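*Asks:* Coordinates only, no sequence provided:
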């Protein structure tokens, strides 16, 4: 194999910059792995390390600061056969921290090279997430206030199955890189180096001292046994392959003609756990069975197991335009929470509107015709009350018929649940 | 008549699959979450990819990566998420990466009201990219539009290599309606034009006489380059003002000069109408009722429902402004698209009516405003 370096675009880093050593090391690693350029994508972000992709004859994807891993993830999921190598600096590591952690957790087969030179070189030597508290940077005293990040420790804690740390200038860099790229999962390699343009101008750092520091960090490098597991893409496609086929949307045929002559707005007022939204759906399916156009909106608090639950349903012979509720033709009230939420509506109702309610509920003053149901006496459970109330509405016959309601139930339920629902309805219709 | 009963968000998901979407990534956020939930049902069983990003920035980033590999991709969010998308939206524009972005708008500002609708992001979608480049924004009115405009959005993204927004609204996304899916006239799904084998292979070089480069996928046999930085046709950073300007103007022109080809709208009017009502999104539904009521009372009113909001379909709007003596623009915000109408209306007075309290604007509100 030959070098994948782009002869027309040689590295342009400052003399002595560690990044140039990594360019050569990465090229040697790719040669060792005998990878042709079109099977490799180098994904980079902003900063001096972001120049990386231009030096190679590979696919190249250069994006926003810290986001390289996000592009690499989508690319790798779309093309699992591609070798995806991400290059970022300690700046990208800091700003894209959430993506680094998630990549460790995800274990997609991507190799992340962190070109760690302890400061933001391109913007003028400001402190980064890895700057030692003793370092001198153009951020004044600010780096003294924040502990430097040991990304290798963090990566292990976050579930990375392969973690390594090495010197940019080390002779064995290419071997480190080849091993990381070869690893069939997420591999992170923290590569320490000098930034002659900025950091080493202000700080007395030597390569020997850096090597000593790496040794002192006593990191176990290579595969992290406790974190090794199935690679994400393989795992995804294995589980996706056995995922059940998605269901088609329900198909509702017209079986009869609905009794309504004009648009009817309906409010179902209840509380959490009373299947109000389901009842709204059944009412719509019933309406569709009667040849009507329908719309439904639900209103409930984010704490879904407590508080009001309201369904707003519109039934019309014409296509529905405005989907809000005007003056409802029918209001079903099965819990105080729902009634309280819409208490203003009752005063607007005339005798043309029908209210069907739990006999034990008290309502605000209303001019509507009110039918009380003795749920307690009939021993109808809270969860069945709204359906029972719809049965009473069907019995009255102006909004929907029994036939429509039964059709709505058959679209929504089957088996024992259908039998139970029909039983509730039948008790109130007959 | 066989009808289904689905919400706007489900229609968007099903429309996406019908358009050939193979990749979705999103982050849960009301009122857009059910798009993600639907895609999770629809994509994996057929070998497609559906992912939940660690945040919105990651989710749209995944989509950019997948799209550059050649997959049709979509993401969906709401106000706080579209805010986080911003830097990646700019990248999709500058890098000419096809992507469908759904914004199921909720009442803002900021985290606002998760379960209340609004059309408050309209100018944000237009201008929420650094550099201010043009974008395509489509606005559905109902469940049917959610299905069909999503297919259109994919086609436009593929045709022009750009992000395409669907400006939905909680009031459409989370409202269920009857729809006959089988009788819809489905636009033929389009795919991006591949780079011919004998062509340069410079990833941002259009074929002679064209404004959109042929697509060179990442991972293909020939090397591809993508960059968020200002670049020449070869995909390498350029500092040459002539190269920069040529690229920028080409990206502007590929949309501004072609908007006539994808101006989607409905017009209901007569030659003698003197009032033009301009609406989009869910508000169009109440406007239809209002127009009928106004006409019954003798008002000469026409209704223009815009479904392509950006690039502003100026020719279409001018054509319908012609001969009118007054214009009323109604929006579920404090006045955003009205600015576009005002600049096109010339001497015709433009009146705005809008509201941002989470409630739908109804026909009585509109009738009163037109009469006042």
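*Replies:* Received it, and whenever you're ready, just let me know what you need. None of these values were measured; they are calculated from a predicted model.

*Asks:* do the helix or strand harbouring residue A:25 and chain B meet?
*Replies:* For residue A:25, the host element (DSSP states H and E) is helix A:18-32. No - using CB under 8 Å from any CB of the partner chain, we find that helix A:18-32 stays clear of chain B, coming within 13.7 Å at best. All C-beta spots, glycine's among them, are computed from the backbone N, C-alpha and C.

*Asks:* show me what contacts residue 124?
*Replies:* Using chain A. Residue A:124 makes contact with A:138, A:198 under the criterion CB atoms under 8 Å, 6 or more residues apart in numbering or on different chains.

*Asks:* right idea, wrong chain: chain B
*Replies:* Contacts of residue B:124 by CB under 8 Å, 6+ apart are B:82, B:83.

*Asks:* Can you list the buried residues in stretch B:311-320?
*Replies:* Residues B:311, B:312, B:313, B:316, B:317, B:320 are the ones in stretch B:311-320 that count as buried (16 or more other CB atoms under 10 Å in any protein chain shown).

*Asks:* Quick one: mean pLDDT over that stretch.
*Replies:* Averaging pLDDT along stretch B:311-320 yields 98.

*Asks:* all strands for chain A, in order.
*Replies:* Counting by DSSP state E, chain A has strands at residues A:40-44, A:59-62, A:83-89, A:110-116, A:162-167, A:187-192, A:222-223, A:252-253, A:264-271, A:293-299, A:308-316, A:330-333, A:354-358, A:369-373.

*Asks:* Could I get those strands in JSON lines, plus columns for mean neighbour count and distance to residue B:48?
*Replies:* Formatted as JSON lines, those follow (neighbours: other CB atoms under 10 Å in any protein chain shown; distance: least, CB to CB, whole Å):
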{"stretch": "strand A:40-44", "mean neighbour count": "27", "distance to residue B:48": "21"}
{"stretch": "strand A:59-62", "mean neighbour count": "28", "distance to residue B:48": "22"}
{"stretch": "strand A:83-89", "mean neighbour count": "28", "distance to residue B:48": "20"}
{"stretch": "strand A:110-116", "mean neighbour count": "27", "distance to residue B:48": "20"}
{"stretch": "strand A:162-167", "mean neighbour count": "22", "distance to residue B:48": "28"}
{"stretch": "strand A:187-192", "mean neighbour count": "26", "distance to residue B:48": "27"}
{"stretch": "strand A:222-223", "mean neighbour count": "16", "distance to residue B:48": "31"}
{"stretch": "strand A:252-253", "mean neighbour count": "18", "distance to residue B:48": "28"}
{"stretch": "strand A:264-271", "mean neighbour count": "26", "distance to residue B:48": "37"}
{"stretch": "strand A:293-299", "mean neighbour count": "22", "distance to residue B:48": "29"}
{"stretch": "strand A:308-316", "mean neighbour count": "24", "distance to residue B:48": "33"}
{"stretch": "strand A:330-333", "mean neighbour count": "27", "distance to residue B:48": "41"}
{"stretch": "strand A:354-358", "mean neighbour count": "24", "distance to residue B:48": "46"}
{"stretch": "strand A:369-373", "mean neighbour count": "17", "distance to residue B:48": "48"}
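
*Asks:* Quick one: these as CSV, columns for mean pLDDT too.
*Replies:* Listed next are the strands of chain A as CSV, based on pLDDT from 0 to 100:
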stretch, mean pLDDT
strand A:40-44, 98
strand A:59-62, 98
strand A:83-89, 98
strand A:110-116, 98
strand A:162-167, 97
strand A:187-192, 98
strand A:222-223, 96
strand A:252-253, 97
strand A:264-271, 98
strand A:293-299, 97
strand A:308-316, 98
strand A:330-333, 98
strand A:354-358, 98
strand A:369-373, 97
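
*Asks:* Could you check how far the lengthiest helix in chain B is from the centre of its chain?
*Replies:* Counting by DSSP state H, the longest helix found in chain B is helix B:143-160. Put simply, helix B:143-160 sits 8 Å off its chain's centre (CA atoms, centre = their mean, to the nearest Å).

*Asks:* Same check on stretch A:206-215?
*Replies:* On CA atoms, centre = their mean, the centre of stretch A:206-215 falls 41 Å from that of its chain.

*Asks:* List the buried residues in that stretch.
*Replies:* A:210, A:214.
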